[in-house]
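Chemist: sequence? don't have it. structure:
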């Protein structure tokens with residue numbers, strides 16, 4: 001499947017759109033403003049829609065345990081682990097394919113395939129009669145879900161320059177909170193309309209499919225494919241190592257060996273990402289099961305908590321981006337460390353409220369959601385800053401690979417197994433340790449390059465080179 005998708009991306013409909021003749025100078029500014037808003041709306045809606053059809057199983061686990069009592073939490077956690085491992089692998093592989101593809105086609109294709117899988121899961125009871133079939137379908141869904149983040153990352157680095165990217169990425173990043181919160185609330189609507197918990201899969205998929213059509217209409221490839229100059233030249237915002245060569249499509253060897261696998265800072269933030277993802281999904285994936293089975297919440301009450309957790313991340317993520325840009329002057333690691341330290345405090349509050357009132361649970365979950373997504377966003381943004389933009393999807397996929405394969409995957413089967421064997425106290429203790437390890441590995445990146453994708457082996461971008469690039473883009477006269 002990897003080879004087939006890669007071949008299509010190289011020679012078929014998914015290949016990058018060609019550059020076209022430059023529009024008139026008077027049209028550059030208005031066209032850029034219109035298309036920047038349009039493509040941002042496209043990747044925002046598109047990524048939110050991916051989340052409507054990703055973690056549906058987490059909401060259905062209490063129903064499955066009730067109707068199929070031979071299942072254990074650890075067994076169903078294996079299905080979530082399969083999804084996470086496949087997603088992490090796919091995010092890495094599809095990142096490199098996405099770097100050589102047109103996001104207008106690449107993103108809606110992945111979303112459509114995910115919707116089709118979720119419709120099948122929600123309407124065919126045979127899926128839940130076989131654990132292995134359920135694991136296989138969730139794993140397949142994880143693979144096509146990996147086609148979501150990379151084209152969004154590619155779009156952002158082509159349409160938004162370095163000194164505005166912190167704010168842009170932080171606002172875009174809340175798309176998955178909109179989608180994650182919408183997942184739970186649409187599930188409530190779907191169950192109410194159709195009277196079956198299978199609607200937690202199929203109704204959400206129908207809504208996501210409609211959004212996919214809208215996304216296709218909104219997205220565009222690079223500015224040059226729309227007759228515009230590169231964003232660096234348009235905003236006079238050149239990274240330190242920028243040259244005209246950054247606009248050249250890179251081969252897979254150049255991307256992997258030249259800019260990703262030889263970058264020690266990428267490895268450090270990728271490992272930190274794994275621990276941060278364990279906390280994120282160790283909490284959110286098990287909200288319905290923990291609150292319903294351990295604390296006696298109803299489906300509606302746990303869904304409210306699930307949605308509140310996700311939606312609380314919206315202001316929190318934006319604040320984290322603002323803190324990174326304004327307080328820490330563009331440094332990503334300090335903001336990550338600050339927000340993970342505060343996350344640790346509220347994980348402990350959530351843990352210790354064993355017999356206390358429900359409002360403490362809600363407050364703790366809102367606080368964790370508010371805080372934990374900022375570090376996830378920061379690590380992804382840091383990855384984009386560390387490589388040239390033609391390798392952005394792969395770099396983001398690399399950190400995502402660690403996050404999902406070693407973080408989210410363990411939070412699936414691992415949390416279920418820990419809860420079955422040692423109880424929920426051991427689960428919370430593990431999340432506390434992961435908060436501390438995230439802070440430790442981020443601290444090791446405090447001296448990493450701050451901006452501009454500086455990579456080993458690249459000379460700094462001089463002022464003369466910046467001017468030359470601007471002249472090549474048709475924005476300045478020659479010196």
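Modeler: On my side now, so go ahead. Since the structure is predicted, the reported quantities are computational estimates derived from the model, not experimental observations.
Chemist: quick check: the residue nearest to the spatial centre of the chain vs residue 94, distance?
Modeler: The centroid of the chain falls nearest to residue 149 when counting by C-alpha atoms, centre = their mean (5.3 Å). According to C-beta to C-beta, to the nearest Å, residue 149 and residue 94 sit 9 Å apart. Quick note: C-beta positions are derived from backbone N, CA and C, even for glycine.
Chemist: what do you get for residue 186?
Modeler: Residue 186 is 26 Å from residue 94, by C-beta to C-beta.
Chemist: follow-up on the earlier one: how about the contacts made by the residue nearest to the centre of the chain?
Modeler: 47, 91, 95, 380, 396, 397, 400 (C-beta atoms under 8 Å, 6 or more residues apart in numbering).
Chemist: contact partners for the spatially closest residue to the fourth one that is not a sequence neighbour?
Modeler: Yep, that's residue 380 we're talking about. The shortest distance from residue 380 to any residue other than its chain neighbours is 5.6 Å, reached at residue 396 (C-beta to C-beta, 6 or more residues apart in numbering). When contacts are counted by C-beta under 8 Å, 6+ apart, residue 396 touches 91, 95, 149, 150, 153, 380, 383, 384.
Chemist: what about the last one, how many neighbours?
Modeler: When neighbours are counted by other C-beta atoms under 10 Å, residue 384 registers 22.
Chemist: the helix or strand where it lies: what's the following helix or strand?
Modeler: Here residue 384 sits within helix 358-385, counting by DSSP states H and E. As assigned by DSSP H and E, the chain's next helix or strand after helix 358-385 is helix 392-401.
Chemist: what's the angle from that following helix to helix 358-385?
Modeler: 140 degrees (axes from the mean of the first three to the mean of the last three C-alpha atoms, to 10 degrees).
Chemist: how far does helix 392-401 sit from its chain's centre?
Modeler: From the chain centre to the centre of helix 392-401 is a distance of 10 Å (C-alpha atoms, centre = their mean, to the nearest Å).
Chemist: residues of it that come out buried?
Modeler: Using 16 or more other C-beta atoms under 10 Å as the test for burial, helix 392-401 gives 392, 393, 394, 395, 396, 397, 398, 399, 400, 401.
Chemist: farthest-separated two in the residues you listed?
Modeler: 392 and 401 (14.7 Å; C-beta to C-beta).
Chemist: can you count the residues close to the residue nearest to residue 112 when sequence neighbours are not counted?
Modeler: Nearest non-adjacent residue to residue 112, counting by C-beta to C-beta, 6+ apart: residue 212, 5.5 Å away. Burial of residue 212 is recorded as 22 neighbouring residues (other C-beta under 10 Å).
Chemist: residue 212 is in contact with residue 115, isn't it?
Modeler: Yes. Counting by C-beta atoms under 8 Å, residue 212 does reach residue 115; the two are 6.9 Å apart.
Chemist: how much space separates residue 14 from residue 299?
Modeler: Taken as C-beta to C-beta, the span from residue 14 to residue 299 is 40 Å.
Chemist: which one of these two has more residues nearby?
Modeler: A direct count of neighbours by other C-beta under 10 Å for residue 14 and residue 299 places residue 14 higher, at 22 against 19.
Chemist: residue 423 versus the more buried one, what's the distance?
Modeler: Residue 14 is 48 Å from residue 423, by C-beta to C-beta.
Chemist: overlap of the contact sets of residue 149 and residue 94?
Modeler: Common contacts of residue 149 and residue 94 (C-beta under 8 Å, 6+ apart): residue 397.
Chemist: list the buried ones in stretch 353-360?
Modeler: residue 353.
Chemist: now do that stretch: everything it contacts.
Modeler: Contacts for stretch 353-360 (C-beta under 8 Å, 6+ apart): 295, 297, 301, 349, 361, 364.
Chemist: thought the fifth one was touching residue 350?
Modeler: Yes. The pair residue 361 / residue 350 is scored as a contact, 6.6 Å apart, by C-beta under 8 Å.
Chemist: just to check, residue 273 is in contact with residue 405?
Modeler: No. Assessed by C-beta under 8 Å, residue 273 is found out of contact with residue 405, at 10.4 Å.
Chemist: picking that back up, nearest to residue 309 among the contacts of residue 149?
Modeler: residue 47 (17.9 Å).
Chemist: and that closest one, what does it touch?
Modeler: Contacts of residue 47 were listed using C-beta under 8 Å, 6+ apart, and they are 148, 149, 152, 172, 175, 176, 179.
Chemist: check what pLDDT the second one gets.
Modeler: Among the per-residue scores, residue 149 shows a pLDDT of 86.
Chemist: quick check: it vs residue 264, distance?
Modeler: The value you get for residue 149 to residue 264, if C-beta to C-beta is used, is 23 Å.
Chemist: using TSV, lay out the buried residues of helix 392-401 together with pLDDT.
Modeler: Below are these laid out as TSV (pLDDT from 0 to 100):
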residue	pLDDT
392	66
393	67
394	74
395	74
396	72
397	75
398	79
399	80
400	77
401	79
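Chemist: quick one: end-to-end length of stretch 115-134, please.
Modeler: Its first and final residues considered, stretch 115-134 spans 16 Å by C-alpha to C-alpha, to the nearest Å.
Chemist: burial count for the closest residue in space to residue 446 that isn't next to it in sequence?
Modeler: Once flanking residues are discounted, residue 446 sits nearest to residue 333: 5.1 Å by C-beta to C-beta, 6+ apart. Residue 333 is flanked by 27 other residues according to other C-beta under 10 Å.
Chemist: can you give me phi and psi for residue 333?
Modeler: The phi/psi pair for residue 333 (degrees, to the nearest 10) reads phi -60, psi -40.
Chemist: next up, the contacts around it.
Modeler: With C-beta under 8 Å, 6+ apart, residue 333 has these contacts: 378, 382, 442, 443, 445, 446, 448.
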